[in-house]
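Novice: give me a 3D structure for the following:
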Amino acid sequence: AAAWELPEGMDTLSSLTFLDLSDNSQLQQFHPAFSLPMLQNMSLAGCGIPMLPHRFTGLRRLRILDCSRNKLTQIPNHMAEMRNLATLELKQNSLGFLPDSIGLLTNLVHLGLNANPLKYLPVTFGMLSLLKRLDIHLPSLDPAISNLLVKHGLKGIQRLLKSVHNSMRLTSTDTVSSDWELALTGAGEDTLDLRSNALTDVPFIMGGGGASSTWVRGIPVMSRLQHILEANLSDNKLVELPSSFARLTALTKLDMSHNELSSCHDDLKALKNLRTVKLNDNRLLEIPMFIVQLPVLEHLFIEQNPLQSLPSVKGGSEMHRHQHAFSQSLPLTPESAQSQVISKEQISQGWKQFTNLLTLSIDTETKLSNSKVAWAVGHDEVPLEVSSQGQSAIESYMGKIAEAVRRDIIDLSTLSLWKAPKQLTLIRSIRKVYLSSNFLRDLPSDIGSLECLRELVASDNILRSLPKSLSKCNMLERLVLNHNQIEEVPTCYGQLTNLGILELIDNPLQSPPQILLSQSFSTDIVLQYLRRMHSVPETGKMDLSNLSLNSSFTLPAPMTVGLRYMALSDNQFVSIPRWVPELPCLEALEMNRNKLASVPNYMTGATRLTSLSFSGNQFTVFPSVLFTMTKLKSLNLSNNKISLVSKEVCLFMTNLNSLDLHNNRIHQVESTRSMLSHIHNLDLSGNLPSVSNTFDKRVDEYNTGVH
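Specialist: Numbering: from 1, shown residues only. Just a heads-up that it's a prediction; the model follows:
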């Protein structure tokens, strides 16, 4: 490369602020390490320079740089070191691109790029928030950018590229070794928002104009967007979405509404995580092929398109759901409908492939048994499952909605619904809701807005969870949820004080436990359980007494955290549950009036216990395991059948200050007065009279009730 040369001693001009070297065609050498710390304005215009120096450490205060009319083919990344640069003139060169580090020149106000064969602008261009003037040669520029510049000006370009840049994220193979490389990092947002940009094509840097392999610092821009979950390209003028978007494999939502799409690239079938696709208000004549190859698609909006056919699949349910293909089309035009009447069986069969589809919004009219059926339904009016059954089903459904408005009762049972309709929670005065014998996987999350609801029946569905908001329906009296897949009833349902009937037959319940339901079912007992469990996170105390629980009862895992006190009295436990010593914070345990006869060895794991109460059980000997629980301060073994208290009680349980052994069969205590001195509260009343012969005076006082 040609070298540049400046007169000797140039870098001694430490106070120089303006340097004009323009039109010096003989200039051959320019030392890259020169330092002019006060220089603010420099012109190198018309010198025929083929390259700029790679370092600019000595020009940190430069505000104006004119490099026009040269032979530059690229700008070095380290130009970003001139952070104070406000004007950069690069017209009449041979620049095909700008460096990504251009985004670090955040004080740039004027950028001259005319008469350069620039094809695109880097995504970091959107970081130039102070830029007021851009001179650029439009014919060679990416059409998406040039059209945007014409229609929306400089701010439109900055907004678009800034949105792309904000969504970019470093990949696992990236290494960042300098500040200018950090300009590529972006904010890593999960949403790509390119709506309302009047785009006729996506930018060149994103694969528009056939540039699917466009690279930024050696890595395709689209690879830096592979993490995004939502892409919004609505309200543009796109005629096609390029195949480069198939690389955004994490996408769950794609909005291409209000464009001019006539087709979509088949490669988009790679977007296997798409759950919502919006293609409404376009120019589609048929539903794109890639749609039927999306395995988890739940919401499809495709109204306001001149559709001429709907998909149907030969072989129906025998085809694997991931191997969809159009083998025929159902005619929708009036002319074709006259020659072929489409039966509701055909339409239903054609949509079986969309096994997860919850919302279909489509406004095309088709001929069904010589009657016109509106398909523009789904989310806003009639569920797909109803509309696909024909005109009579739609009329019946709408009649039920109207009836609900008049009588505050709605019965949508046996309609094969996969999702409760939107209108359900809009009728705030509704008192009774019947949703049985459908395919509902959940109830509306905002069902708590039905303040007047008194009865809800949703049996024979596939419900797996219940919304917590239902606990706000304070007037609810009857809740029937039989034959579902419910594993847990939210503990906040215990607040439903007016609930008199709760039916949960044939559900794989874990909470409340099956033991409560296998007995003679009592709504009151279940509500008691839920109410008590609901207060646990706040108080750290759990009282499950008098619920007829037995040793098969298992405590729900979320309730074990922070639990300090547990009462399991008046139940039917024959042994202490194994999960008790696994409670990390448990300090006190009450299991009075059960059927316990021993304390198992695994209780040695309950290292934080300071209080135990086993009154009214079936102990015949003092449990030796307790000797190892040296932190115990209070122990209640009253109303058992213990006959002997060995001296180990005093030798090993040195922190014990309260011991209640009244109403046992104790005839001997192997201890002396000094050994009992640390026990401040000892009750031996109600034992055999002979026990007094083994005690000294203090023991005898306790035995006779004198404390």
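Novice: mind listing the helices for the stretch 551-700 of the chain?
Specialist: With DSSP state H, counting those that start in this stretch, the ranges of helices along the stretch 551-700 of the chain come out as 648-652, 697-703.
Novice: and those helices, which one is worst for confidence?
Specialist: Lowest mean pLDDT of the helices of the stretch 551-700 of the chain: helix 697-703, a mean of 48.
Novice: dump the residue contacts of the residue nearest in space to the middle of the chain.
Specialist: When the chain is reduced to its mean C-alpha position, the nearest residue by C-alpha atoms, centre = their mean turns out to be residue 229, at 10.5 Å. Residue 229 is in contact with 190, 191, 250, 251, 252, 253, counting by C-beta atoms under 8 Å, 6 or more residues apart in numbering. In this view, the C-beta of every residue, glycine as well, is placed from N, C-alpha and C.
Novice: distance of residue 605 relative to residue 576?
Specialist: For residue 605, the distance to residue 576 equals 11 Å [C-beta to C-beta, to the nearest Å].
Novice: neighbour count winner among these two?
Specialist: Shown here are residue 605 and residue 576; by other C-beta atoms under 10 Å, residue 576 has more neighbours (22 against 12).
Novice: is it true that the more buried one touches residue 601?
Specialist: No. Under the criterion of C-beta atoms under 8 Å, residue 576 makes no contact with residue 601, lying 10.8 Å away.
Novice: next, the distance between the ends of stretch 623-633.
Specialist: Using C-alpha to C-alpha, to the nearest Å, one end of stretch 623-633 lies 16 Å from the other.
Novice: what's next to that stretch, contact-wise?
Specialist: So stretch 623-633 is contacted by 598-601, 603-604, 606-612, 635, 648-649, 652-658 (C-beta under 8 Å, 6+ apart).
Novice: again, 7 Å this time
Specialist: With C-beta atoms under 7 Å, 6 or more residues apart in numbering as the contact definition, stretch 623-633 has outside contacts at 598-599, 601, 603-604, 609-612, 635, 648, 652-658.
Novice: pull out the buried members of these.
Specialist: Among the contacts of stretch 623-633, those scoring as buried are 598, 599, 603, 609, 610, 611, 612, 635, 653, 656 (criterion: 16 or more other C-beta atoms under 10 Å).
Novice: OK, contacts around the residue nearest to residue 117 when sequence neighbours are not counted?
Specialist: Nearest residue to residue 117 in three dimensions, chain neighbours excluded: residue 140, at 4.9 Å (C-beta to C-beta, 6 or more residues apart in numbering). Residues near residue 140 by C-beta under 7 Å, 6+ apart: 117, 118, 119.
Novice: can you flag the buried ones in those residues?
Specialist: Among these, the ones that count as buried by 16+ other C-beta under 10 Å are 118, 119.
Novice: check pLDDT for the contacts of residue 140 and point me to the minimum.
Specialist: The lowest pLDDT within the contacts of residue 140 belongs to residue 119, with 82.
Novice: least confident pick among the buried ones among the contacts of stretch 623-633?
Specialist: Among the buried ones among the contacts of stretch 623-633, residue 653 carries the lowest pLDDT, at 84.
Novice: now stretch 39-47: buried residues?
Specialist: Buried residues in stretch 39-47, counted by 16+ other C-beta under 10 Å: 39, 40, 42, 43, 44, 45, 46, 47.
Novice: adding distance to residue 453 as columns, could you present the residues you listed in a markdown table?
Specialist: What follows is these, written out as a markdown table (distance: C-beta to C-beta, whole Å):
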| residue | distance to residue 453 |
| --- | --- |
| 39 | 77 |
| 40 | 73 |
| 42 | 76 |
| 43 | 78 |
| 44 | 78 |
| 45 | 78 |
| 46 | 82 |
| 47 | 82 |
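Novice: narrow the residues you listed to those in helices?
Specialist: Of the buried residues of stretch 39-47, none are assigned to helices by DSSP state H.
Novice: restricted to strands, list those residues.
Specialist: Of these, the ones assigned to strands by DSSP state E are 42, 43.
Novice: greatest separation within the buried residues of stretch 39-47: which pair is it?
Specialist: Using C-beta to C-beta, the pair of these lying farthest apart is 40 and 46, separated by 20.6 Å.
Novice: pretty sure residue 465 sits against residue 442.
Specialist: Yes. Using C-beta atoms under 7 Å, residue 465 is in contact with residue 442, at 6.2 Å.
Novice: for residue 513, give me its contacts.
Specialist: So residue 513 contacts 553, 554 (C-beta under 7 Å, 6+ apart).
Novice: from here on, call the first residue 57.
Specialist: OK, 57 is where the count begins now, so the last one is residue 569.
Novice: ramachandran coordinates for it?
Specialist: With angles defined as degrees, to the nearest 10, residue 569 sits at phi -70, psi 150.
Novice: how far away is it from residue 495?
Specialist: Distance of residue 569 to residue 495, computed by C-beta to C-beta: 28 Å.
Novice: got any ranges where the stretch 457-606 of the chain has weak pLDDT?
Specialist: Low-confidence segments of the stretch 457-606 of the chain (pLDDT under 70): 457-463, 478-479, 573-578.
Novice: all helices for it, in order.
Specialist: Counting by DSSP H, counting those that start in this stretch, the stretch 457-606 of the chain has helices at residues 570-574, 579-590, 592-595.
Novice: mean neighbour count, those helices: which tops it?
Specialist: A comparison of the helices of the stretch 457-606 of the chain by mean neighbour count, using mean count of other C-beta atoms under 10 Å, puts helix 579-590 on top with a mean of 18.
Novice: longest helix in this protein, please.
Specialist: In the chain, with assignment by DSSP H, the single longest helix is helix 199-223.
Novice: what is it packed up against?
Specialist: Using 3 or more C-beta pairs under 7 Å, 6 or more residues apart in numbering; DSSP states H and E, the elements in contact with helix 199-223 are strand 247-249.
Novice: at 8 Å what do you get?
Specialist: Where contact means 3 or more C-beta pairs under 8 Å, 6 or more residues apart in numbering; DSSP states H and E, helix 199-223 is packed against strand 189-192, strand 247-249.
Novice: tell me the mean pLDDT over that helix?
Specialist: Helix 199-223 shows an average pLDDT of 79 in the prediction.
Novice: off-centre distance for that helix?
Specialist: Chain-centre distance of helix 199-223: 30 Å, with C-alpha atoms, centre = their mean, to the nearest Å.
Novice: ok, now stretch 486-503?
Specialist: Taking C-alpha atoms, centre = their mean, the mean C-alpha location of stretch 486-503 is offset from the chain mean by 24 Å.
Novice: what's the first-to-last distance across it?
Specialist: With C-alpha to C-alpha as the measure, stretch 486-503 spans 11 Å from end to end.
Novice: check contacts around residue 350.
Specialist: Residue 350 sits next to 325, 327, 328, 330, 333 when contact means C-beta under 8 Å, 6+ apart.
Novice: now, those that are in strands?
Specialist: If you go by DSSP E, the contacts of residue 350 have residue 333 in strands.
Novice: can you flag the buried ones in the contacts of residue 350?
Specialist: Buried by 16+ other C-beta under 10 Å: 325, 327, 330, 333, out of those.
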